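Peer 1: Have a look; sequence and predicted model below, questions after that.
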Amino acid sequence: MTVMLAVRAASRAASRSEARNMSSLRTFARSFEPHPTPMPATGPLHKGDWGRIVKTRAQQAAFYFPGLAVLLGWPLAASYVLNEHVGQF
């Protein structure tokens, strides 16, 4: 009984490894195929949309720098508020 189980397990493992090898061979062969829609070699250059870029960077900076000041400045603000009154509260 255990011999039959061992034979079945070995045959299943062999069939899985064969399928895995065939899949990797198929992937390797497909790597030589050309792309169905190749990109053009050259094209017209596009100008940068500097207005949009500057606007988005300004919006990001308006959120980032005050948030950074709060994140890094709270110990300084706490020291001014407490001002050696730590044990009195």
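Peer 2: That came through fine.

Peer 1: which helix in the protein runs the most residues?
Peer 2: Using DSSP state H, we find that the single longest helix of the chain is helix 50-82.

Peer 1: buried stuff in that one?
Peer 2: With burial defined by 16 or more other Cβ atoms under 10 Å, not one residue of helix 50-82 is counted as buried. For every residue, glycine as well, the C-beta is placed using N, CA and C.

Peer 1: avg pLDDT for that helix?
Peer 2: When pLDDT is averaged along helix 50-82, the result is 94.

Peer 1: which other helices and strands contact it?
Peer 2: Here helix 50-82 touches no other helix or strand, going by 3 or more Cβ pairs under 8 Å, 6 or more residues apart in numbering; DSSP states H and E.

Peer 1: Can I get stretch 32-50 in CSV? Just the C-alpha atoms.
Peer 2: The C-alpha coordinates for stretch 32-50 follow below in CSV (Å, rounded to 0.1, in the frame of the first residue of the first chain):
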residue,chain,number,x,y,z
PHE,A,32,12.0,36.0,-29.4
GLU,A,33,8.7,37.1,-30.9
PRO,A,34,8.4,40.7,-31.9
HIS,A,35,6.0,43.0,-30.1
PRO,A,36,2.6,43.1,-31.9
THR,A,37,2.5,46.9,-32.0
PRO,A,38,6.1,48.2,-32.1
MET,A,39,6.8,51.7,-31.0
PRO,A,40,7.9,54.2,-33.6
ALA,A,41,11.7,54.8,-33.8
THR,A,42,11.3,58.6,-33.7
GLY,A,43,8.5,61.0,-33.1
PRO,A,44,7.7,64.7,-32.5
LEU,A,45,9.1,66.1,-29.3
HIS,A,46,6.5,67.3,-26.8
LYS,A,47,6.9,70.5,-24.9
GLY,A,48,6.8,70.4,-21.1
ASP,A,49,3.6,71.6,-19.5
TRP,A,50,5.5,73.9,-17.1
